[in-house]
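1. For reference, the sequence and a predicted model appear below.
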Amino acid sequence: MTAFGLLRCRVAVAKRCSSHNQVELRKRHRASHPARCLTFLAKPRLPHILFQLPKATLVMKYSPRLAVLPALCSISLLLGCGGQASTAVPVSGTVTVEGQPVEGGLITFISADGATQAAGSPIKDGAYAAEVEPGAKKVMVLGTKVVGEEYILKGVPDSGTRQKLETITHPNYNAKHLTPLTAEISGPSEDMNFDLKKNGKGS
């Protein structure tokens, strides 16, 4: 036998011995630790590929439809809920209490039959200007005047101050079912004036 052949025999014998020794070691380990081996065998081993799934990625795609949504919303607001163009007309005038201008507050025009939307305007120094749908209206007025200043949060000086207002019109004028004020809107008007009474019984 040549030297090369002898070397190959020695390597093969070494491999067999090593393999035999590993098997014997495993048997001894299982014999000395039976519970641990059973636990390992009882655990299901999932395929490694399950832990290599690609992460989901959220991608927001641009859509031309989204670009026109703001314009559609604006058109809807202009046309109203019914899809028809507004027919409101400009109405302005004065608001007084027995001849005295109402310093501030709010005037509101409410449809008598509920067919059109309510409209209103702030009152400033006895005057107002509003956009009102034509038709028969009930008119509500809340008149106020400044009588000083007050804390924004009562009793908390650090909250800052604001104007303290006092109502100067009778409560009847600010109640839909009690107000004696009415108006017939048929077109633009610049002299729709209202002179309120202190007792709330007329205009």
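-> Sure, I can see it.

2. what comes into contact with stretch 164-176?
-> Residues outside stretch 164-176 that contact it (C-beta atoms under 8 Å, 6 or more residues apart in numbering): 97, 102-105, 110, 138, 140-150, 178-181, 196-201. For every residue, glycine as well, the C-beta is placed using N, CA and C.

3. now stretch 184-196
-> 89-99, 102, 107, 109, 132-137, 139, 141, 143, 169-170, 173, 181, 183, 203.

4. Just the ones in strands from the contacts of stretch 164-176, please.
-> Judged by DSSP state E, strands contain the following of the contacts of stretch 164-176: 97, 104-105, 110, 138, 140-150, 196.

5. Do me a favour and get the end-to-end distance for stretch 158-178?
-> 41 Å (C-alpha to C-alpha, to the nearest Å).

6. give me phi/psi at residue 162?
-> phi -150, psi 170 (degrees, to the nearest 10).

7. Would you mind naming the residues that bridge with it?
-> Beta bridges link residue 162 to residue 150 when assigned by DSSP bridges.

8. From residue 163, how far out is residue 132?
-> Taking C-beta to C-beta, to the nearest Å as the measure, residue 132 falls 28 Å from residue 163.

9. And the buried ones among the contacts of stretch 184-196, selectable in PyMOL?
-> The following PyMOL line selects those of the contacts of stretch 184-196 that are buried, judged by 16 or more other C-beta atoms under 10 Å:
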select buried, resi 91+93+94+95+97+102+107+109+132+133+135+137+139+141+143+169+170+173+181+183+203
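
10. just the helices in the protein please.
-> Using DSSP state H, the helices of the chain run over 3-32, 34-42, 64-67, 69-79.

11. weakest of those by average pLDDT?
-> Ranked by mean pLDDT, the helices of the chain bottom out at helix 64-67, with a mean of 42.

12. What are the phi and psi values at the nearest residue to residue 87 once chain neighbours are set aside?
-> Sequence neighbours aside, residue 133 is the residue nearest to residue 87 in space, at 6.0 Å (criterion: C-beta to C-beta, 6 or more residues apart in numbering). Backbone geometry at residue 133, expressed as degrees, to the nearest 10, gives phi -70, psi 140.

13. so how far is residue 194 from residue 133?
-> The spacing between residue 133 and residue 194, counted by C-beta to C-beta, is 18 Å.

14. helices and strands of this structure: which one bottoms out on pLDDT?
-> Lowest mean confidence among the helices and strands of the chain (mean pLDDT, DSSP states H and E): helix 64-67, at a mean of 42.

15. Show me the shaky parts of the protein.
-> Across the chain, the ranges flagged by pLDDT under 70 are 1-84.
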